[in-house]
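Novice: Sequence and computational prediction follow.
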Amino acid sequence: GDGEAFARLIREADPSIRDAALGQLSSARIRAHLKAITARPHVATQATDPAKDYVKSHWTKTFQAHKDRVQMVSQVYRVLLSRAKLDGEKTRFEIRSANNSRVDFTSQTVEKPLTEHDNDTDIPSPILAYAPSGDLTGPAVYANYGTEADLQHLTKNLSISLNGSILLTRYGRSGRGAKAVTAAKYGAAGVLIFSDPADVAKNQSAAFPNGQWMPGTGTQKGSAMLSSGDPTTPGYPSLATAYRYDAYAREIIDRLEGAQAPEDWRVRIRGMNLSRPMRLGPKMSGDQQLRLVVNQENFMKDIENVCVKIHGDIEPDRWVIVGNHRDAWGFGAVDPSSGTAVLMEFSEVLANLLATGWKPRRSIMLCTWDGEEHGLIGSWEFVEENLMMLKDSVVAYVNIDIAAAGNYSMRTSAMPSLRDFAKTLMDSLPEEVNPGKSMGQTWSDRWADGKSAMDSMLTPIGGSDYAAFIELASIPAIDIMFRADPKESSLYPMYHVRYESFYYVDTYVDPGFKAHLSSARLLTEVVRQLTDEYLLPYALNMSNTALELEKYFASVNGSSAIGAMPELKAAVTALGDSVTYFQQQTTAWDRQTVDRRSPLGVRRINDAAMRATQSFLASRGQPRQPYVANLVFTSGKHPRETSGVRFPGLSDLLTELPLGTATVAEIDRQLRDLAHHVRLAGKVLTV
């Protein structure tokens with residue numbers, strides 16, 4: 001009777017479920033899922049979506065016996081996508097003679113297949129989604145990463161005019177769309193972006209298909225969109241034609257004349273004449289010119305998120321959401337299908353647990369997002385559509401995009417409140433790739449440099465589906481990925497190229513699928529504890545957020561630019577006082593005694609911990625990104641290295657101040673806004 005009902009409310013998680021779940025995970029099944037999902041390309045612009053069909057049929061079969069508790073739901077959104085035009089000129093660049101009478105070099109218009117595993121006509125031509133079409137000819141200038149600081153250096157320090165020029169930039173440091181916008185501001189007509197060989201092609205004798213490195217024929221694809229979500233809604237660029245090309249960059253670099261490139265701008269490309277120093281342009285040998293042709297179209301198309309809801313037993317109105325995107329730039333065997341394969345395996349484990357009578361305390365939602373590669377569209381639309389419900393009831397968002405980029409070690413990124421939880425789990429789980437060690441040990445050995453989990457775990461910012469959950473709703477989020485050796489590649493060599501096939505993963509990335517299995521183990525345990533623990537595992541970890549804010553504030557206090565403006569002193573003091581108040585509140589909060597016999601008391605603590613950082617959301621958004629509500633844990637419009645300040649909106653204003661596009665009054669207001677929102681968060685955590 002009543003006693004039983006009460007006992008159910010205060011029930012602790014069943015520890016035996018851990019071993020039952022972990023014991024079922026199979027690397028062979030994950031491999032089979034990946035092989036099936038990557039049999040054909042699955043790009044958001046395609047008429048068919050074989051990956052979606054696979055997910056739907058797998059989930060229908062897996063949860064067949066549990067219709068009373070599990071339902072599959074889809075959300076369809078009509079959005080603007082971008083693709084190469086089938087008729088007319090092919091997107092490419094040419095090097096033309098001085099009088100335009102002959103073509104001396106033309107880049108390839110498709111990546112040529114190198115093995116039977118990557119030979120498929122559905123692979124899209126190399127494009128930068130949403131870049132405007134155009135046909136332009138002009139001088140070429142090498143512009144390093146194409147950041148504001150790089151273009152300042154070219155124009156101010158070296159007096160090189162960028163008007164009408166086509167900039168050649170390296171991939172990285174700033175987003176693809178941001179490069180084009182910055183270039184347009186300085187009068188450039190176009191941008192060519194290439195992958196730095198030091199990042200993707202270290203060892204050319206082992207270039208694919210003989211090894212894991214990107215071959216000269218590989219071209220990255222991506223999106224030039226500046227904001228996330230459907231670009232028919234505000235914030236997308238109409239910018240100078242940007243198109244990215246990888247291995248033919250040397251054809252241009254070898255012909256550049258003019259001033260020598262600064263030491264740290266130089267790149268080493270196979271086949272490049274390294275005996276002559278690298279030059280910046282805009283003059284090319286023999287007065288040659290560069291022609292850039294971009295021919296693509298934007299069009300409206302339905303995209304579809306497919307999700308499964310597993311209803312909770314005791315707190316069905318509290319949710320753990322697990323997400324992975326399905327769409328790729330080709331076969332997507334690493335990005336994102338390694339994550340899709342792990343999610344399919346995890347869903348089978350959940351179904352088997354349900355069959356043994358297990359009932360999750362809270363509800364679980366498994367989602368496969370669409371349209372991520374075009375700008376995180378599917379997940380962004382979902383968060384916008386369900387914003388109030390999500391802020392009210394989601395205890396965590398768990399992202400698995402790339403489950404295995406390599407087999408070096410686990411690298412989790414998490415919001416500060418989830419970091420100790422993630423590290424504790426990693427310490428408790430064995431790692432397959434390095435037997436005899438826990439994931440936590442390998443992670444500490446390889447990433448932590450002796451620092452604590454709090455200090456060496458990154459905040460998930462930017463480029464995957466956690467963005468909307470953090471930027472719009474400030475929901476505690478964690479991202480799971482097994483990484484490649486960072487000394488070899490910043491992510492993995494075949495990022496977004498046609499050769500990212502099942503064969504590539506099976507042969508080079510993770511033979512034996514041990515890294516995939518490790519990611520599946522961590523995912524399983526993260527979701528189980530967030531779902532089943534009576535007191536949320538992060539509920540008394542709030543002072544970690546305070547520690548992070550103290551670091552953010554130290555960057556403000558140590559900023560010479562802010563120090564040089566005495567009129568900001570009062571606002572800086574106000575922010576410092578708020579951070580101190582938040583730190584005092586969280587210290588007391590984390591030390592409180594929890595009465596586990598009071599289900600309402602525990603629920604109150606859980607809810608406050610889940611919602612505390614929602615106080616960082618401002619309805620008018622960041623000063624330069626009004627569609628981003630989170631003032632703290634997101635990226636700014638400009639790279640933060642420029643200002644050295646950690647708060648994104650503040651950093652943007654400080655970057656723009658010397659350019660005359662921001663005012664001291666705006667900086668003062670942002671400091672005071674931050675002070676207000678940090679204090680609000682402290683008030684939520686009142687014992």
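Specialist: Nice, I can see it.
Novice: what are the ranges of the helices in the stretch 401-550 of the chain?
Specialist: 416-428, 439-443, 453-456, 466-471, 502-504, 514-532, 543-557 (DSSP state H, counting those that start in this stretch).
Novice: So for D445, what's the pLDDT?
Specialist: Looking at D445, its pLDDT reads 88.
Novice: G281 and E148: what is the separation?
Specialist: 19 Å (C-beta to C-beta, to the nearest Å). Glycine gets a C-beta too; all of them are placed from N, C-alpha and C.
Novice: Give me the more crowded residue out of these two.
Specialist: Relative neighbour count places G281 above the other of G281 and E148, with 26 against 19, counting by other C-beta atoms under 10 Å.
Novice: Relative to S165, how far out is that one?
Specialist: Taking C-beta to C-beta, one finds G281 at 7 Å from S165.
Novice: picking that back up, most neighbours per residue, which of the helices of the stretch 401-550 of the chain?
Specialist: Of all the helices of the stretch 401-550 of the chain, helix 466-471 carries the top mean neighbour count, a mean of 27, counting by mean count of other C-beta atoms under 10 Å.
Novice: Can you list the helices and strands that that helix packs against?
Specialist: Counting by 3 or more C-beta pairs under 8 Å, 6 or more residues apart in numbering; DSSP states H and E, the packing neighbours recorded for helix 466-471 are helix 377-385, strand 394-399, strand 477-479.
Novice: among those, which is nearest A662?
Specialist: Nearest to A662, of all the helices and strands packed on helix 466-471, is helix 377-385, at 26.8 Å by C-beta to C-beta.
Novice: quick one: pLDDT of F582?
Specialist: 98.
Novice: Test my guess that it contacts V678.
Specialist: Yes: counting by C-beta atoms under 8 Å, V678 is a contact partner of F582 at 5.2 Å.
Novice: which neighbours do those two share?
Specialist: L549 (C-beta atoms under 8 Å, 6 or more residues apart in numbering).
Novice: if we can go back for a sec, any chance of JSON lines for the helices of the stretch 401-550 of the chain, columns distance to I10?
Specialist: JSON lines is the format used below for the helices of the stretch 401-550 of the chain (distance: least, C-beta to C-beta, whole Å):
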{"stretch": "helix 416-428", "distance to I10": "21"}
{"stretch": "helix 439-443", "distance to I10": "30"}
{"stretch": "helix 453-456", "distance to I10": "30"}
{"stretch": "helix 466-471", "distance to I10": "29"}
{"stretch": "helix 502-504", "distance to I10": "48"}
{"stretch": "helix 514-532", "distance to I10": "13"}
{"stretch": "helix 543-557", "distance to I10": "26"}
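Novice: Select from those helices the stretch with the lowest mean pLDDT.
Specialist: helix 453-456 (a mean of 72).
Novice: hmm, who's touching that helix?
Specialist: By C-beta under 8 Å, 6+ apart, helix 453-456 touches 416, 419-420, 422-423, 447-449, 544, 547-548.
Novice: Can you give me the buried ones in stretch 328-346?
Specialist: 328-346 (16 or more other C-beta atoms under 10 Å).
Novice: dump the residue contacts of I252.
Specialist: Counted by C-beta under 8 Å, 6+ apart, I252 has contacts 93, 95, 140, 142, 168, 192, 284, 290.
Novice: what do you get for L81?
Specialist: 44-45, 129, 298-301, 303, 371, 374.
Novice: Out of those residues, list just those in strands.
Specialist: 129, 298-301, 303 (DSSP state E).
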